[in-house]
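[1] Have a look; sequence and predicted model below, questions after that.
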Amino acid sequence: MRTVKRYRYQAKPKPSKFKLVVFLLILFILIIVFVPGHNGLVKVLNKSNNINKIHRENENLKIKAELIELKIAKGQDPEYLKKYLRDCYQMVPKDSS
């Protein structure tokens, strides 16, 4: 006669509550240590954000300085000044009466 092997379903053991509590406690301690504080995660992110903001402002100021230098260079050109004064203020030079 043949014997039939029967396999029983074995459920995976559930993690005990103690392991869960220990894990949450360790997680809480790590959060307390690394998030606030002098070199905590919040401070590091704020410093990084401020550095990026300063770099953007620096780039904007460089562009504005270049534009001002171009306007100054245009202002040195007498032909441009005559044309600008004629167009904007309807001023006519003395020699063209």
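    Looks like it arrived, so ask away. Numbering: from 1, shown residues only.
[2] so where do the helices sit in this protein?
    Ranges of helices within the chain are 17-34, 41-75, 78-89, based on DSSP state H.
[3] And the shortest one, what's buried?
    The neighbour-count criterion (16 or more other Cβ atoms under 10 Å) identifies no buried residues in helix 78-89. Heads up, the C-betas are built off the backbone N, CA and C, glycines and all.
[4] Over to the longest one?
    Neighbour-count burial for helix 41-75 flags no residue at all (criterion: 16+ other Cβ under 10 Å).
[5] Residue ranges in the chain under the pLDDT threshold?
    1-15, 93, 96-97 (pLDDT under 70).
[6] Let's see that with 80 instead.
    1-15, 33, 37-39, 91-97 (pLDDT under 80).
[7] quick one: N49 and H55, what's the gap?
    N49 sits 11 Å away from H55, going by Cβ to Cβ, to the nearest Å.
[8] from what I can see G37 touches K43, true?
    Yes: using Cβ atoms under 8 Å, G37 is in contact with K43, at 7.2 Å.
[9] So which of the helices of the chain is nearest D95?
    Counting by Cβ to Cβ, D95 lies closest to helix 78-89 out of those; the figure is 10.6 Å.
[10] Dump the helices of the chain to TSV, plus distance to D95.
    Output for the helices of the chain, formatted as TSV (distance: least, Cβ to Cβ, whole Å):
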stretch	distance to D95
helix 17-34	77
helix 41-75	21
helix 78-89	11
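[11] Can you name the residues in contact with stretch 31-44?
    Around stretch 31-44, nothing counts as a contact under Cβ atoms under 8 Å, 6 or more residues apart in numbering.
[12] Let the chain start at 500 from now.
    In the new count, where the first residue is 500, that last one comes out as stretch 530-543.
[13] centre of the chain versus it, how much separation?
    19 Å (Cα atoms, centre = their mean, to the nearest Å).
[14] okay, how far is it across it, tip to tip?
    End-to-end distance for stretch 530-543, by Cα to Cα, to the nearest Å: 15 Å.
[15] State the distance from L524 to L560.
    50 Å.
[16] need the contact list for I562.
    No contacts exist for I562 under Cβ under 8 Å, 6+ apart.
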